[in-house]
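Colleague: What shape does this take:
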Amino acid sequence: MIACDVAVLGAGPGGYVAAIRAAQRGAKTVVVECDQVGGVCLNRGCIPTKTLIHTAGLYQKMQEAERFGLKVKGLSVDMDGLLKHKDNVIKTNRDGIKALFKAHGIELIKARGVVAKPGVVKAGKEEIHARAIIVATGSAPARIPGLETDGERIIGSTEALELAEVPKRVVVIGAGAVGAEFACIWNGLGAEVTLVEMMPSVLPIEDEELTKRLGTLLKKRGINVFTGTTVKSMTRKGNTVALELSGAKEDSIKAEYVLVGIGVRYNSSPVTDEPSLGVQVTPKGAIVVDSRMETNIPGIFAIGDVTGRTMLAHGASAEAIVAAENATGGNRIIDYRVVPSCTFTHPEVASVGLTEKEAAATGASIKVGRFSYRASGRAHAMGETEGLVKIVGDAATGEVLGVHILGAEAGELIAAAAMAMQLEATAETIADTIFTHPTLSETIKEAAEDFLGIGIHTPPKAVKRG
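Modeller: Reported below is the predicted structural model:
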């Protein structure tokens, strides 16, 4: 039997952060993880996909090297080298987490954990007694009838990350973050890509104006984008998969590989395996928590994807801080008002706060400021002029309700917008802030000026004098 103050189930971006914060607060902490530390994000998600996306973007840009005054000969994709680089990136980050655990005196147990009863976790042959338990077991790709993967030609994102060749023809089902990013990876590396999405636009939860632009840009890059389209059937014969479609311009298509990137299922079994425990879950299996990240059972907390809230690594980490502090005698709540997100397509799409449609639905008088990358000197220098910054705000008060960015480095830029919203800045505050020139960050200031009708590098609006 192991006795501790806090037991954490899962060592992903929620679990390992919760463990470190609990240890920082003087708690003896034990982490139970059946796979690798870092979770899906580090090992099979965020980090490896962004590694591939970065290389694909470099390769794609080098096709236009002469435009930048460079002459390149014999450039080619070395998938073995790329996969090795990806694995090295994962290992470096994984080793870093292990080192942090060691430095903070956190014990790591390699096993599958189940909450047997309040205060007790069973992990393999071990029984852990803890004052508080934090469940951070994440999610996994959903199994959808008719779209089952075989791990060879019909694959999920995990198999896609290990693919040792660039497919000649590949179909990606689902144009959410996973599908859209892999479509851009393979397109950048030279594959013929078809992206299929049942909703009217790619990245359907993002601001509609930006996703329409992104769909157009993906088509310009050579990706076949079929929105409003469903897959009626898939049939594999040898190394070829045939798909029957409904709603698309083409009734059927064939490919070497099909990536199924639709939906997730919650890994809530550590609490649902013991029905008598009584932890409340939603009909879809997400664990229900309050603003303190505590379940209906005192002393049992849950964070990250398993709660079905943000479904973002940094969202899980933010929830981890709240849960860990509350599990060690604190009293903290989480505020989801300002949680940024980014999809690392080419170009990137990032957002924070409300979309224009969501803001309008609140009943407030809405105003929008926009600034195009085409008017940015830095964007021209980089050769990245496809993009738009959009600020959605309250017309009466100037309060910023949402910021949406399509373009190069959108994921980096959105942090400035998130901080502005966290500090309850108005569009005027942003416009009055001095930004470095020449940078892409100036596009945020320029969008705020456009919101106010005083844009220097935008067509004139009704400008207030005096």
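Colleague: alpha carbons only for contacts and neighbour counts from here, please
Modeller: Fine.
Colleague: Give me the below-cutoff pLDDT ranges for the stretch 351-466 of the chain.
Modeller: Scanning the stretch 351-466 of the chain for pLDDT under 70 picks out 461-466.
Colleague: at 80 what do you get?
Modeller: Residues of the stretch 351-466 of the chain that meet the criterion pLDDT under 80 lie in 460-466.
Colleague: contacting residues for the spatially most central residue of the chain?
Modeller: Note on the chain: the residue nearest the mean C-alpha position is residue 312, at 5.2 Å, using Cα atoms, centre = their mean. The contact partners of residue 312, taken as Cα atoms under 8 Å, 6 or more residues apart in numbering, are 304-305, 341.
Colleague: And for residue 375?
Modeller: 457-458.
Colleague: can you pull out the helices in the stretch 1-150 of the chain?
Modeller: Assigned by DSSP state H, counting those that start in this stretch, the helices in the stretch 1-150 of the chain fall at 15-24, 39-44, 46-62, 79-103.
Colleague: for the shortest one, packing partners?
Modeller: Read it as helix 39-44. Applying 3 or more Cα pairs under 8 Å, 6 or more residues apart in numbering; DSSP states H and E, one finds that helix 39-44 makes contact with helix 46-62, helix 79-103.
Colleague: what's in contact with that helix?
Modeller: With Cα under 8 Å, 6+ apart, helix 39-44 has contacts from 10-13, 36, 46-48, 90, 93-94, 157-158, 161, 313.
Colleague: Max pairwise distance over those: which two?
Modeller: Farthest apart among the contacts of helix 39-44 by Cα to Cα are 10 and 161. That separation is 21.9 Å.
Colleague: Compare neighbour counts for these two and give me the winner.
Modeller: Neighbour comparison, residue 10 and residue 161: the larger count goes to residue 10, with 28 against 17 (by other Cα atoms under 10 Å).
Colleague: what about burial for the contacts of helix 39-44, which qualify?
Modeller: 10-13, 47-48, 90, 93-94, 157-158, 161, 313 (16 or more other Cα atoms under 10 Å).
Colleague: Name all residues that make contact with residue 51.
Modeller: Taking Cα under 8 Å, 6+ apart as the test, what residue 51 contacts is 86, 89.
Colleague: what about residue 335, how many neighbours?
Modeller: A total of 11 residues lie near residue 335 under the criterion other Cα under 10 Å.
Colleague: Apologies, that question was intended for residue 208.
Modeller: 17.
Colleague: which outside residues touch stretch 318-330?
Modeller: 5-6, 14-15, 17-19, 21-22, 25, 27, 132-134, 292-294, 299, 301-304, 331-334.
Colleague: How about stretch 384-403?
Modeller: With Cα under 8 Å, 6+ apart as the test, stretch 384-403 has contacts from 210, 347, 351-356, 359, 364-374, 376, 379, 404-408, 414, 417, 421, 424-428, 443-444, 447-448, 451.
Colleague: Show me which of the contacts of stretch 318-330 are buried.
Modeller: 5-6, 14-15, 17-19, 21-22, 27, 132-134, 292-294, 299, 301-304, 333.
Colleague: now the helix or strand containing residue 178 against helix 46-62, angle please.
Modeller: Per DSSP states H and E, residue 178 falls inside helix 177-188. Here helix 177-188 runs at an angle of 30 degrees relative to helix 46-62 (axes from the mean of the first three to the mean of the last three Cα atoms, to 10 degrees).
Colleague: Name the residues that touch the helix or strand following helix 177-188?
Modeller: As assigned by DSSP H and E, the chain's next helix or strand after helix 177-188 is strand 192-197. Outside strand 192-197, the residues that touch it by Cα under 8 Å, 6+ apart are 167-175, 179-180, 183, 186-187, 222-230.
Colleague: Separate out the buried members of those residues.
Modeller: Judged by 16+ other Cα under 10 Å, buried ones among these: 167, 169-175, 179-180, 183, 186-187, 222-227, 229-230.
Colleague: Among those, which ones are in helices?
Modeller: Under the assignment DSSP state H, these contribute 179-180, 183, 186-187 to helices.
Colleague: Of those, which is the nearest to residue 283?
Modeller: Distance to residue 283 across those (Cα to Cα) is lowest for residue 179, with 25.6 Å.
Colleague: Show the contacting residues for the closest one.
Modeller: By Cα under 8 Å, 6+ apart, the neighbours of residue 179 are 172-173, 195, 259-262.
Colleague: Of those residues, select the buried ones using a PyMOL command.
Modeller: Buried residues among the contacts of residue 179 (16+ other Cα under 10 Å), as a PyMOL selection:
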select buried, resi 172+173+195+259+260+261+262
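Colleague: With distance to residue 206 and pLDDT as extra columns, can I get the contacts of residue 179 in CSV?
Modeller: Output for the contacts of residue 179, formatted as CSV (distance: Cα to Cα, whole Å; pLDDT from 0 to 100):
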residue, distance to residue 206, pLDDT
172, 19, 98
173, 18, 97
195, 17, 97
259, 22, 97
260, 20, 96
261, 17, 93
262, 16, 90
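Colleague: Pick out the most distant pair among the contacts of residue 179.
Modeller: Applying Cα to Cα across the contacts of residue 179, the maximum distance is between 195 and 262, 12.0 Å.
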